[in-house]
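Participant: what's the 3D shape of this:
(chains A and B)
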Amino acid sequence: AQTVTQSQPEMSVQEAETVTLSCTYDTSESDYYLFWYKQPPSRQMILVIRQEAYKQQNATENRFSVNFQKAAKSFSLKISDSQLGDAAMYFCAYRRRDNTDKLIFGTGTRLQVFP
Amino acid sequence: DVKVTQSSRYLVKRTGEKVFLECVQDMDHENMFWYRQDPGLGLRLIYFSYDVKMKEKGDIPEGYSVSREKKERFSLILESASTNQTSMYLCASKGTGFLVDTQYFGPGTRLTVL
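Facilitator: Here you go, the predicted model:
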């Protein structure tokens, strides 16, 4: 069975600095998707970034980028130029490339941003 | 933009009550999901549905049932609520097709069972 591990329950960063959130996963599949979701205090989960396993290039969305290491089964999220609005719970998620659409989530990392 | 709405943000029920949580999406998505979120456990899938009247068990279906009579609406039912079902419940929907692999979430319902 696939599992997703986020080993950092809490992280903090100074405004304008860079922070990296860690995620590792376990799977025997070769093709799959990986996601980072953000859940602000208002609770609506929003997609931050997605990565397709067959693509070697790391995904980037503005200030958010990932470091995808397929062999190591690692999928970290880097937030550059952190802003106060980045404070939230961040969840890493895995999905097999099949028709079940089932997401497997990690336990989350709470990110605090200090001015 | 995709919009997923849930019937209540906060709900307080008593042990043994039958509880209905409703979710509606406006993007004609085929797939809908119910998760519960607990501190330290992340999100866990309860049930999902890939078509009207179709349902599949997720990882923690015990104590729950679901109903999908219309494509846009997916209901989670607690037949006899118990205190260990106190949690945050999140609904999500997703379309199907090439390159469509993102789930969109509702705002969540915080359920307290006394």
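
Participant: Identify each buried residue in the helix or strand encompassing B:Tyr35, please.
Facilitator: Assessed by DSSP states H and E, B:Tyr35 sits inside strand B:31-38. Counting neighbours by 16 or more other C-beta atoms under 10 Å in any protein chain shown, one finds that the buried residues in strand B:31-38 are B:Asn31, B:Met32, B:Phe33, B:Trp34, B:Tyr35, B:Arg36, B:Gln37. Glycine gets a C-beta too; all of them are placed from N, C-alpha and C.

Participant: List the contacts of the residue most central in space within chain A.
Facilitator: Centroid-nearest residue in chain A, with C-alpha atoms, centre = their mean: A:Trp36, separated by 3.2 Å. Shown in contact with A:Trp36 (C-beta atoms under 8 Å, 6 or more residues apart in numbering or on different chains): A:21, A:23, A:47-50, A:64, A:66, A:75, A:77, A:90-93.

Participant: ok, which stretches of chain A are strands?
Facilitator: When assigned using DSSP state E, the strands of chain A occupy the ranges A:3-5, A:10-14, A:19-21, A:24-26, A:32-39, A:46-52, A:60-61, A:64-69, A:74-79, A:88-96, A:103-105, A:109-114.

Participant: Dump those strands into JSON lines; add mean pLDDT as well.
Facilitator: Below are the strands of chain A laid out as JSON lines (pLDDT from 0 to 100):
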{"stretch": "strand A:3-5", "mean pLDDT": "95"}
{"stretch": "strand A:10-14", "mean pLDDT": "97"}
{"stretch": "strand A:19-21", "mean pLDDT": "98"}
{"stretch": "strand A:24-26", "mean pLDDT": "96"}
{"stretch": "strand A:32-39", "mean pLDDT": "94"}
{"stretch": "strand A:46-52", "mean pLDDT": "92"}
{"stretch": "strand A:60-61", "mean pLDDT": "90"}
{"stretch": "strand A:64-69", "mean pLDDT": "96"}
{"stretch": "strand A:74-79", "mean pLDDT": "98"}
{"stretch": "strand A:88-96", "mean pLDDT": "94"}
{"stretch": "strand A:103-105", "mean pLDDT": "92"}
{"stretch": "strand A:109-114", "mean pLDDT": "97"}
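
Participant: Thanks a lot, see you next time.
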